[in-house]
Every structure is written in C-alpha cells, then in structure tokens.
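J.: Give me the fold of what follows.
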Amino acid sequence: MKKSVAITTGVVIVGAGAWLGATWYTGQRIEQQSQQYLAQANEQLARAIPGFQLRLEQESYERGFFSSKSRYTLVFGKKGDDEEQIRVSFKNDIGHGPFPGGAISRGYLMPKLAYVHSELESSELLKPLFEMSQGKAPLWSDAIISYDGQANTEGGIAPLSYKNDDASFTFSGATLDSVYDHRKQAVKGSLTAKELLVQDADQDSPVNLRMAGMEVNLDNRMGKFGLSVGTTGMLIKSIEVSDSENDRFVKLDKLGYSVAVSEDDTMVNALATYSLEKLRIAEDDFGSGEIAVSIKRLDGPALKALTETYQQLMRQALGSEPSTGMQQADIEAVLANGQKVLAGNPVIAIDKLVWRNAAGDSLLTADVEFTKPVNEDGTPISLIEDHKQFAIKAIKRINADLRLSKPMVATMAEQVLRLRGMPAEQAKQEADEQVQTMAGLAEMMNAGKNDGDNIVSKFSYVDGRGELNGKEVPVAEMLAELVSSGGGMDDEDEMMYIESFDDESLAYLLDSTGYEYALDASGRMFTLDADDLPPTEIKGTLVCDPDCTVLRMTAVYGDQKAPSAARLKEWNEEYGEFAPASITKKGVAELHFEVDASQILDLETIESLLQAFLGTTDEFGDFIQQ
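T.: Numbering: from 1, shown residues only. Model prediction:
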C-alpha cells in the first residue's frame, strides 16, 4: 500500500512539475513571439491599406508565471508627431498554456499556447464612446491560440445608445466569431448584429431609420500573388426609412452583396454580386433587382508587381519610406506589367443587371475584352508615345444585349406618378403614353427594336468594326474622340504627356485653377488673383534653359506675422518636400512649389499637383496664425 501511494505521489509530482515547466516555457515563448507577430501585423497593415499611416505599437508587456498582461496601441499618423496622432489602446490579459483556464472553461481540453482576453481601453478621446456603452468596453475579444498559430476568436461590440435634443440612436451590439490560421494567412468568420435604430428629432420632418438582421461573412486566405482570395459577403435583412409627419415610408428587404476572388497558376478572377429582394415605397412594391460584375483572366504575376509598385509609392507619399518620386524605372515597370495584364486578354463583364416587378423583368448583359495593343507590324504601342491608339487598340471586343420590358417600365412609371400625387387612372394613362413614346424613339434612332412586350437592343464591336442592331456605327471614331476629350486638350496633335511647357499648356493649367491671372510680356511670369486665399500674392514663373521644363510658384504672406524658426522647421519637416516654406530678409513668410515637366508628367497630374499646392497655401495660412 505504501508503495502504491509513493508511486501515485511521484506521478502527481512529476505531472505537476511538467505542467509548471510547460507553463513557464509557454509564457517565455509568447513574450518572444510578440515582437515577431507585431512586425508581421504592421507589415500586413501597410500592405492592406497603404493610403493610411496606421501601425500597431506595444506599450507594455508584464510577464508572470501563469499569466501576463500587455498593452497595445493602434496609432494613426506620423511617428514623432504627437499632436497629429490618434491613439487607440487595447489591454490584454494572457493566460499561459498548456492549459489556460479560459480555454478549458470553453471546452478546449487539448493543450493550447494561450488564452487572450482583449478589450478597448478608455481614454479622453474615447470617453463619449464609453458613455454610449454605459462604461463597458465597446470592443472586446477572447482568443484561444494553438501552438501551430491557429486562433479561435469570439468577440463583439457592446450595445450602444445615445440621445440628445436633436437625435438618438440605439445599437443592439454585435458578435464576432472567427478562426485565423497564421501559417496559411487564412481567416474565416462572421459578424452579426440584430438592430440599429436612428431617430432624427427634427420638428419639421422627423425621420426614423431602422436596420435589422445585419450579417457579414468572410472566408479568405492570402493567395500566391499577394492578393486575398476567397469569399466575402454582407446581408441586411431589412432597412426601413420613415417620416411619420409626412407619411413617407421606404423599405428594402434583404439588401446584400458577395465578392468571390479566385486564382489558378497564372490568373486571378473576381465576381461581385449585389442584390435586393424587394423595394417598397409607401404601399407600392417596386420590385427586386440584382447586378453581377466580373473580372476574368487578370495576369497574376503582373498584377502582383503593379500592386507592390502602388503600395511603395503610397508609402513614399505618406512619408513612411524615403521618397524618390516616381522614377523612370517605376514608370517602365508599371507600363510593362500593364502590358502583361492586357496580354492575358482580361474581360470585364456585367454578367447580369436585372430588375423585375409583377409586370415583367428587364435584363442587361455586357462584356469588354482587352488585348495588348500592337501596331500593324506587331510591335507594341507605347502608352506615352501614342495614348489614343493605345486606348483604341487595347479594346479587342465589346458585346452588349438589352431586353427592356415595356409593361415593367410602365408599371414603375405609374407608381412614381402616383407618388407625386397624380390620380391613379391619369397616372396609368400617362405612363403608358411615355412608354409608347420611348419605344417609338428607340426604333427611330436605331437604339432598339420592338419585340412584343420588349424593347431589345444588341451592340457589338470587334476588330475595329461596331454594329448596333444590325447597322454599322463608327465606334473607332467615337472612341478616338472620347480619348481626345479625356486628354483635356483640343488640338489633335497635342499629347497628354509633355516634356516642357508652352503657351497652350500653361494657359490650360492656369485656367484650371478657376482664378483670373495676368501674364507679363514674356509670357513666362504670371500672378494669380486669388483673393479668397490667405496669401497676399501668388506668383509663378517658367524656368527655361532653353526649353521651359520647370514651373515654379511662390505664395507670399505679406500681411501675416512670420512663424518662428521652430515652427518653420516643423512645417518643412512634414511638408517641405512638396511645399517648402521660407522667410525673406524682410521677414515675410513664403511658400514654394516646383514641378518639372521633363519627368514625363501628364497635364492632368500637373493640374492635380497645382490644385494641391493652392489648397496647401490655405493650410499654411492657418498654420502660421496658430
């Protein structure tokens, strides 16, 4: 008996020792891996949303034997610029494996790396949000993390409510369930919410909004070309907008969308579908609709290269990477990869656009197939050298078919007329007459043909030849005219891309500002009459040696006190690359801007930069007054 007790005691001691050792090891592993996962998270944030300066920072990590505490902050804005940063913090309680209590209580009996409870932390910025949630954490999550990197998460948004004299809203809260696989970079989950109520207490016309049965589902993984592939969907079972004072009511039943992205060894495909089961306005059922849009045969490697170039340029533009501007190599890479995408003959299609009501249904289908633009001898057409021919030759074919139900259109027209107050019998007669007129005009203009209760139309374009309902139409000429008008210049010989400024391009840019301007006798110096902007003078000059490749502009703030050297340095550290500021010997603040047309810029880009500079002159005026 004593021997069995000794053996049992030994087993318990060994087991307890093993558990304690595993717990200590797990705690160390979690702390060591936290920095690795933090770096990966920031890399994924930068890649997923390159247009935002968003990053995650670890504020603290306190490791204990059985559990640890940590604090992470999501930061919006540049490093070192505390005044401009928005900081949102989360506190985390981490239970160490192999048998964390939180996991066991939820039925996970196998060894796990950790159980992590996270919740949004209150701050002065988030104080109103915590008041809406009655002091509870507005966001929270419980994650059970396996040793292989899989995380099973339950979380949610707390119920929220707010009310003042003008408006009120109530949100039921939301629940989140997800599974994340770190190795595959895959996530599958759902977010559901029961109800959102918004009431506008405007005394003249109070409006109520009610959304019920909201659900978002996703099942995605990182694909081989750096794009997320899988499915995403959203459904709102009911949306109601009512105005009790004027007896107005609109209801949408089952409004939803779904997106599916797939890939094979070389290509990426995508399909987006939007649907509405029923649209009700007042007492009338206006019907239901659906649209499905697809993109097929996108060259995966080329698309990946284009995405990486775009993300790099966005990071440079926001200052998270040293900016070198868009170099010739970048331009050549973008053009080359764009050619590869077109060489795969991608297709953009409206697979169906349908609307139906009790009287009938109408349907539109259309698709455009692209190809790599080449000359007659097979050599590639350059986008920069001949953008018009590039755009025309890039379209291989177009097909479109329309079937328009006359009874469906007449019924909808009648409903609209009745909503406007027209008597029912008169509304029906007016609607029928409108549809008859529309059908006659369609025949007369060869826009469609009458086929029983339908108006049908068919358009095709292939190999430079267009046909509408059996009759040839000059599609190539129309495309050429469209491309020319898109370039913003009337002269047929003027190119979208310029290497130097001349009288016409300068006039185009100055006209685009919307301000009056005055040129000197040489035509190379000018002033803008921008009385609504803070500067006392905005002047510009063309730098010619001998070609006029550089446009320089200066905004003078003659009636404002110049900023201190520290404030000037602060401005230039953040905006100096685009619009540097200086102070003249007379103590007058100036803001500068320069653009070089020889860097293969098009007029529309230069126009956008010029407009951005004018907007910056307003911001600088506010800056030096602070």
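
J.: Do a quick rundown of the helices in the stretch 51-200 of the chain.
T.: Secondary structure of the stretch 51-200 of the chain by DSSP state H, counting those that start in this stretch: the helices cover 101-104, 127-132.

J.: and those, which one is worst for confidence?
T.: Lowest mean pLDDT of the helices of the stretch 51-200 of the chain: helix 101-104, a mean of 65.

J.: any idea where the helices of this protein begin and end?
T.: 2-48, 101-104, 127-132, 300-317, 328-343, 387-393, 406-419, 424-444, 475-486, 503-512, 565-575, 603-625 (DSSP state H).

J.: and these, which one's lowest on average pLDDT?
T.: Taking the mean pLDDT of the helices of the chain, helix 2-48 comes last: a mean of 53.

J.: unless I'm mixing things up, Glu121 is touching Lys69, no?
T.: No. The pair formed by Glu121 and Lys69 falls short of the contact definition of Cβ atoms under 8 Å, at 12.0 Å. Every C-beta, even on glycine, is put in place using the N, C-alpha and C of the backbone.

J.: Between these two, which contacts overlap?
T.: Counting by Cβ atoms under 8 Å, 6 or more residues apart in numbering, the common neighbours of Glu121 and Lys69 are Lys91.

J.: In terms of neighbours, single out the busier of these two.
T.: Glu121 (18 against 13; other Cβ atoms under 10 Å).

J.: From Ala272, how far off is the more buried one?
T.: From Glu121 across to Ala272, the span is 37 Å (Cβ to Cβ, to the nearest Å).

J.: Spit out the contact partners of the closest residue to Ile606 other than its chain neighbours.
T.: Leaving aside its sequence neighbours, Ile606 sits nearest to Val595 (Cβ to Cβ, 6 or more residues apart in numbering; 5.7 Å). Residues near Val595 by Cβ under 8 Å, 6+ apart: 550-551, 601, 606, 609-610.

J.: And the residue nearest to Val409 when sequence neighbours are not counted, how close does it get to Ala413?
T.: Closest residue to Val409 apart from its sequence neighbours, by Cβ to Cβ, 6+ apart: Val435 at 5.4 Å. Look at Val435 and Ala413: by Cβ to Cβ, they are 7 Å apart.

J.: Show me which of those two is the more surrounded one.
T.: Val435 (22 against 19).

J.: wait, that one sits on Lys406?
T.: Yes. Look at Val435 against Lys406 with Cβ under 8 Å: they come within range, at 5.2 Å.

J.: just checking, Ala114 touches His96?
T.: Yes. Between Ala114 and His96 a contact is recorded at 6.2 Å, counting by Cβ under 8 Å.

J.: Extract the C-alpha set from stretch 131-144 and format it as PDB.
T.: What follows is stretch 131-144, C-alpha atoms only, in PDB (Å, rounded to 0.1, in the frame of the first residue of the first chain):
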ATOM      1  CA  GLU A 131     -20.600  56.700 -22.200                       C
ATOM      2  CA  MET A 132     -22.600  55.200 -25.100                       C
ATOM      3  CA  SER A 133     -21.800  51.700 -23.900                       C
ATOM      4  CA  GLN A 134     -22.600  52.600 -20.200                       C
ATOM      5  CA  GLY A 135     -19.000  52.200 -19.100                       C
ATOM      6  CA  LYS A 136     -18.500  48.700 -20.700                       C
ATOM      7  CA  ALA A 137     -15.700  48.000 -23.100                       C
ATOM      8  CA  PRO A 138     -17.200  48.900 -26.500                       C
ATOM      9  CA  LEU A 139     -14.900  46.300 -28.200                       C
ATOM     10  CA  TRP A 140     -13.700  43.100 -26.800                       C
ATOM     11  CA  SER A 141     -12.400  39.600 -27.900                       C
ATOM     12  CA  ASP A 142     -11.500  36.300 -26.400                       C
ATOM     13  CA  ALA A 143      -8.900  34.300 -28.400                       C
ATOM     14  CA  ILE A 144      -7.700  30.800 -27.900                       C
END
